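Peer 1: Sequence first, then the predicted structure, then my questions.
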Amino acid sequence: MGNRQWVIGNEQWIKKVLLFFLLFVFLSLTPIAYCLSPITLFAEPTIRVLLVDGKNAKIPKKDEKIQRSGNANGEVFLSGLKYSGFIEVWKGEKGLYIINEIPLEDYIKGVVASEVGNSWDIEALKAQAVVARTYALYQKLNSNGKLPYHLTSSVLHQVYKTGNVPDNIAKAVNETRGEILTYEGKPIAAYYHSTSGGMTEDPIEVFGKSYPYLKPVETTCELSPYFMWEKRIPVSDIESALNMAGIKEIIIDGLTVSNRVRNFKIITEDGEYKILAKELRKNLGWDRLPSTMITSITKDGNFYIFEGKGYGHGVGMCQWTALDMAKKGMNYRDILSKFYPGTTIELYNEDVIAKDGVHK
């Protein structure tokens with residue numbers, strides 16, 4: 001994923017997006033655009049996705065007033081990607097936002113193709129499809145209705161891109177069509193991440209909330225390129241991320257049950273400060289500090305060297321462990337039962353989903 005930003009924050013970007021929108025309107029009037037059947041589009045459950053680009057994508061702020069400026073059914077190209085379906089343009093206080101409403105199963109194919117490699121074993125792809133579908137439905141049913149979308153197309157929720165879907169990914173999604181994970185009749189919060197580093201995390205450490213079906217479990221993700229890593233980060237960048245100066249030392253000051261860093265003690269020329277590890281990671285950037293499972297911190301001149309394991313928040317299914325399990329002959333039900341114990345796989349049917357999210 002690149003860092004190209006198309007959600008507009010200034011005049012230049014507004015002009016670009018308006019140009020994109022005009023192109024989209026033009027395309028929507030062509031015979032190609034109209035090849036999409038409205039009946040097909042709305043005959044299945046749909047999901048509304050805020051299209052954003054990059055891991056630091058801008059989204060509407062809390063209480064920001066946004067207003068729909070236009071909509072059409074067809075295709076639009078943004079940042080080199082083509083999105084199809086029902087497109088809406090919304091105007092916010094500092095820019096424009098584009099929302100794509102598409103059939104749920106088409107969306108799941110785009111998520112699986114974006115989140116994991118198309119060369120992965122079919123059972124790992126199936127597990128990803130069920131988890132992505134469950135996560136999307138959970139977000140849809142638990143949205144507060146104040147925003148005109150259910151989730152974003154970035155790592156803020158789950159990555160969604162379009163393009164040709166490889167046959168094996170289409171097969172994995174089709175063979176699990178409609179399947180979701182439920183707990184006590186409701187779709188679960190199916191969090192997942194790339195690489196756990198040996199153990200998944202308790203969600204209360206990341207999201208401030210516990211779930212009976214999300215408990216730390218040991219993992220086998222040595223296949224991942226992020227199983228172990230080393231990052232050199234300039235002291236000045238850390239000071240900027242923490243809005244402080246004169247950092248003299250960074251000390252690990254507390255671990256979670258999965259041996260991830262909960263807090264750092266930052267010693268500066270002015271005093272000592274306790275900083276949440278997840279806040280440092282967020283402020284530095286997800287890629288610059290891939291996880292909070294940090295095993296060593298040393299200083300080399302004007303750099304701090306962080307050694308660690310894993311990539312992502314660590315909660316729920318570890319994608320690389322899912323791949324390892326699939327390679328060892330386990331099926332997607334085995335994989336899901338490991339990471340979400342006590343849950344049930346049920347067929348999702350929007351007609352039987354009540355507005356309060358109860359799966360009847």
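Peer 2: Right, received. Where do you want to start? Since we're looking at a predicted model, the values are computed, not measured.
Peer 1: count of residues packed around Pro45?
Peer 2: When neighbours are counted by other Cβ atoms under 10 Å, Pro45 registers 18. All C-beta atoms are positioned from the backbone trio N, CA, C, and that covers glycine.
Peer 1: ok, it touching Glu101?
Peer 2: No. Pro45 lies out of contact with Glu101 (Cβ atoms under 8 Å); the separation is 10.8 Å.
Peer 1: Now do the helices in the protein.
Peer 2: Assigned by DSSP state H, the chain shows helices spanning 11-28, 38-43, 104-115, 122-141, 167-175, 203-207, 235-242, 277-284, 319-327, 332-339.
Peer 1: Nearest to Glu88, out of those helices?
Peer 2: Among the helices of the chain, the nearest to Glu88 by Cβ to Cβ is helix 11-28 (10.4 Å).
Peer 1: one step back: distance to Glu93 and mean pLDDT for the helices of the chain - can I get that in TSV?
Peer 2: As requested, the helices of the chain are exported to TSV (distance: least, Cβ to Cβ, whole Å; pLDDT from 0 to 100):
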stretch	distance to Glu93	mean pLDDT
helix 11-28	12	46
helix 38-43	30	35
helix 104-115	28	95
helix 122-141	24	97
helix 167-175	37	97
helix 203-207	28	97
helix 235-242	26	97
helix 277-284	24	96
helix 319-327	37	98
helix 332-339	40	98
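Peer 1: out of those, nearest to Cys221?
Peer 2: With Cβ to Cβ as the yardstick, what comes closest out of these is helix 319-327 (3.9 Å).
Peer 1: And the contacts of stretch 277-297?
Peer 2: 55-56, 155, 195, 197-198, 205-206, 226, 229, 231, 233, 237-238, 241-242, 250-252, 256, 258-264, 304-314 (Cβ atoms under 8 Å, 6 or more residues apart in numbering).
Peer 1: Same question for stretch 227-234.
Peer 2: Contacts with stretch 227-234, where a contact means Cβ under 8 Å, 6+ apart, come from 195, 197, 221, 284, 288-290, 300, 302-311, 320.
Peer 1: make it 7 Å
Peer 2: Contacts to stretch 227-234, defined as Cβ atoms under 7 Å, 6 or more residues apart in numbering, come from residues 195, 197, 221, 284, 288-290, 302-309.
Peer 1: What of stretch 239-256?
Peer 2: 201-202, 205, 235, 238, 261-270, 273-275, 280, 283-284, 294, 297, 304.
Peer 1: Which among these count as buried?
Peer 2: Buried by 16 or more other Cβ atoms under 10 Å: 201-202, 205, 235, 238, 261-264, 266, 275, 280, 283-284, 294, 297, 304, out of those.
Peer 1: which regions of the stretch 251-360 of the chain lie under the pLDDT threshold?
Peer 2: For the stretch 251-360 of the chain, applying pLDDT under 70 flags the ranges 350-360.
Peer 1: do that again at 50, thanks
Peer 2: For the stretch 251-360 of the chain, applying pLDDT under 50 flags the ranges 352, 354-360.
Peer 1: Please, where are all the strands along it?
Peer 2: Secondary structure of the stretch 251-360 of the chain (DSSP state E, counting those that start in this stretch): strands at 263-268, 272-276, 294-300, 303-308, 317-318, 344-347.
Peer 1: Mind putting these into TSV with distance to Ser210?
Peer 2: Compiled in TSV, those are given as follows (distance: least, Cβ to Cβ, whole Å):
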stretch	distance to Ser210
strand 263-268	20
strand 272-276	18
strand 294-300	24
strand 303-308	25
strand 317-318	17
strand 344-347	20
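Peer 1: Would you tell me which one of the contacts of stretch 227-234 comes nearest to Asp121?
Peer 2: Proximity of the contacts of stretch 227-234 to Asp121 (Cβ to Cβ) peaks at Cys221, which lies at 14.4 Å.
Peer 1: Cool, thanks, talk later.
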